[in-house]
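**Q** This is a predicted model, with the sequence first.
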Amino acid sequence: MRASLLALALCGLLIGVAEGQKKPSDTAALSNARGVALLKDGKIEEAVEELRKAAEADPKSAVIQANLAYAYDRQGRTDDAVAAYRKALEIEPGNALARNNLGTLYGKKGLHDDAVREYEELVQRDPGNATARANLENAMKNKATVQERQDQIGVALKGADSLPSDPRAAYNAARVYARLGDIDNAFTWLAKALDLGYDQIDYLSLDPSLANLRKDPRFLKLLEERRR
């Protein structure tokens, strides 16, 4: 359900801000309208150019800045989209759709503190906004998950640092990284554990914590090298 709410927020932005209270100049309005039409046709590159022209013609329009941010996001230019949404909110702090979408983009970038801040601001301004409340709950869970991952990694690395010659400590770090899906770091620590003398080679093929690694071609190669 939360994924649907996020998608609805993003799709609804273009229509919502296009009906904003501030009326842009005729030149800006025409470029904005063309940009909107191009976006609907899936012509993202052309839409961005039109909306940039509109923003240059009327830099004080929150409507146009938010539409440009939406277009940047469709283009995959997340940083530019964030900057445009921020500018839209400087012009019109109460723009709920722009703030909601900004929070979504912060979440995509892994900036969960920033995402929570934007959603909290939105809920304070509009307590009845069900989408904002759901997105805030989701962002807070994401933040907690990231913190939990960081704590697990911190404990494993602290153990490895305190016992730099212990292959079991290095192996534990490899297991933690593997469980969290950080495959590259898991292989780094697994190789280090083997270099330090970890000799339970057969267990590597059975350890549930290394399930993610066993799907990677590097795993068999590493085992073959060590067995030789």
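**A** Structure's in. What do you need? Residues are numbered from 1 along each chain as shown.
**Q** how about the longest helix seen in the chain: buried residues?
**A** When the chain is parsed with DSSP state H, its longest helix is helix 130-162. Using 16 or more other Cβ atoms under 10 Å as the test for burial, helix 130-162 gives 131-136, 138-139, 143, 149, 153, 156-157, 159-160. For glycine as for every other residue, the C-beta is placed from the backbone atoms N, C-alpha and C.
**Q** quick one: residue 105 and residue 117, what's the gap?
**A** As for residue 105, its distance to residue 117 is 13 Å (criterion: Cβ to Cβ, to the nearest Å).
**Q** Comparing the two, which residue is more hemmed in?
**A** Remark: of residue 105 and residue 117, residue 105 carries more neighbours, 21 against 16, as counted by other Cβ atoms under 10 Å.
**Q** and the more buried one, what element?
**A** Here residue 105 is covered by helix 96-108, with elements defined by DSSP states H and E.
**Q** What helices and strands are in contact with that helix?
**A** helix 2-18, helix 62-75, helix 78-91, helix 112-125, helix 130-162 (3 or more Cβ pairs under 8 Å, 6 or more residues apart in numbering; DSSP states H and E).
**Q** how about TSV for the ones you listed, with mean pLDDT and distance to residue 44 added?
**A** Shown next, in TSV, are these (pLDDT from 0 to 100; distance: least, Cβ to Cβ, whole Å):
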stretch	mean pLDDT	distance to residue 44
helix 2-18	38	12
helix 62-75	94	5
helix 78-91	95	12
helix 112-125	94	24
helix 130-162	93	24
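**Q** Distance to residue 25 added to those, as a markdown table?
**A** Listed next are the helices and strands packed on helix 96-108 as a markdown table, based on distance: least, Cβ to Cβ, whole Å:
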| stretch | distance to residue 25 |
| --- | --- |
| helix 2-18 | 15 |
| helix 62-75 | 10 |
| helix 78-91 | 15 |
| helix 112-125 | 28 |
| helix 130-162 | 32 |
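**Q** Of all the ones you listed, which one is nearest residue 97?
**A** Shortest distance between residue 97 and those, using Cβ to Cβ, is found for helix 2-18: 4.3 Å.
**Q** And this structure, split by domain according to the record?
**A** Domains of the chain are assigned by automatic domain parsing as 2-143, 163-227.
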